[in-house]
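Asks: Take this sequence and fold it.
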Amino acid sequence: MKNVLVTGGTGCLGSNLALALLKEGCTVRILRRQNSDLRAIGNAEVEHRIGDVRDIASIRRAIQGCDTVFHTAACISYWRKERPVMMEINVAGTRNMVNASLEVGVERFVHTSSVAAIGFRPDGEPADETNRFNWDVYDVGYRISKYQAEQEIQRGVKLGLPAVIVNPSVIMGPRDIHFHGGQILRDVYRRRIFYYTEGGMNVVSVADVVRGHLQAARVGRIGERYILGGANVTLKELFQTSAEITGGIKPLFRLPTKAVQALAVLVETIGNLLKRRPWLSRELVAGLGLPTRFTSEKAERELGLTTTPFQTALQETFEWYTKNGYL
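Replies: Residues are numbered from 1 along each chain as shown. You can find the predicted model right below:
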């Protein structure tokens, strides 16, 4: 691993990964769009290649001379109106990455999937990499796109691509300028959230996910997937801890699932009318209350993954937002 390409290098995970690779002594190139927001990557000494994962010609040019590819680029949306674009980026874009990497002949390809592509266990026990995708009935576009993207990777593996899949959970950490995992902290800080709902999530530090990517490139088994997770927490625990860190309001009451789903329909309808992405949507709350707990035992065993306490991850995220004026 010497000359590396990172797609999605201007995002939270991609920028943190690029910086870690620089510290490892690698020559790092990122593939980004002309109008990408560069605040996360800043002035890091990486080579910028302008292109798009939907444009295979630009991918070919970016990969030339690289021995390792980290494909972190993705579109995250739970708004049905953005599903077509998300499918183009997450599925067709991954197909292009696979095809171009096969043509060039890279030595290692690490694909960033998500626990969203892994099925849940109805018995409530933590799911692992063997749990088959069973979210079809809930028709959540993001989950479907990440699952289908993995099928493109497995197709590539059958054709000789030396690829490894990693499945991070909800990532918290510095440089989350688009407020994916960090949106929870901002909402609690601004006192928009003062209640909790059923369910929970697995929260992981971006630093742990970066180390998991590096180890996947070094020792991950080709064709295997590895959950890169952290702590399984209830939403009540997450909101309460976020309030303690940010000074927000601790959850005062539980909002029934049906009430949340009804609110999501209303908010999404208004968003559709205004042609603006809604802050709450039907897909975002689909399956609310279902067990979404995961275990990273395989990554711990094979990649040497270690995990940071989720409270620390939240604290580091909040401190970075505060220092950089994002709150």
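Asks: Thought Phe194 was touching Ile249, still the case?
Replies: Yes: in this structure, Ile249 is within contact of Phe194 by CB atoms under 8 Å, at 4.2 Å. In short, each C-beta sits where N, CA and C put it, glycine included.
Asks: what's the helix or strand for the closest residue to Val98 other than its chain neighbours?
Replies: Spatial nearest neighbour of Val98, excluding adjacent residues (CB to CB, 6 or more residues apart in numbering): Gly156 at 3.7 Å. Per DSSP states H and E, Gly156 falls inside helix 141-158.
Asks: got the contact list for Asp136?
Replies: Asp136 sits next to Ile144 when contact means CB atoms under 8 Å, 6 or more residues apart in numbering.
Asks: Now do the phi/psi pair for it.
Replies: Main-chain dihedrals, Asp136, degrees, to the nearest 10: phi -50, psi -40.
Asks: Report the separation between it and Gly119.
Replies: Separation of Asp136 from Gly119 (CB to CB, to the nearest Å): 10 Å.
Asks: And for Glu150?
Replies: 12 Å.
Asks: neighbour count winner among the two?
Replies: Taking other CB atoms under 10 Å, Glu150 and Gly119 do not tie; Glu150 has more neighbours (21 against 16).
Asks: Burial check on Val137, number of neighbours?
Replies: The burial count for Val137: 8, using other CB under 10 Å.
Asks: typo on my end, it should be Ala44
Replies: Counted with other CB under 10 Å, Ala44 comes out at 16.
Asks: contacts for stretch 21-30?
Replies: Contacts of stretch 21-30 (CB under 8 Å, 6+ apart): 1-7, 9-10, 14, 18, 41, 44-49, 62, 66, 68, 214.
Asks: State whether Leu31 is indeed within a helix.
Replies: No: applying DSSP: H, G, I helix; E, B strand; the rest coil, one finds Leu31 to be strand, outside a helix.
Asks: which of the contacts of stretch 21-30 are buried?
Replies: Buried positions within the contacts of stretch 21-30, assessed by neighbour count (16 or more other CB atoms under 10 Å), are 1, 3-7, 9-10, 14, 18, 41, 44, 46, 48-49, 62, 66, 68, 214.
Asks: With that, I have no additional questions.
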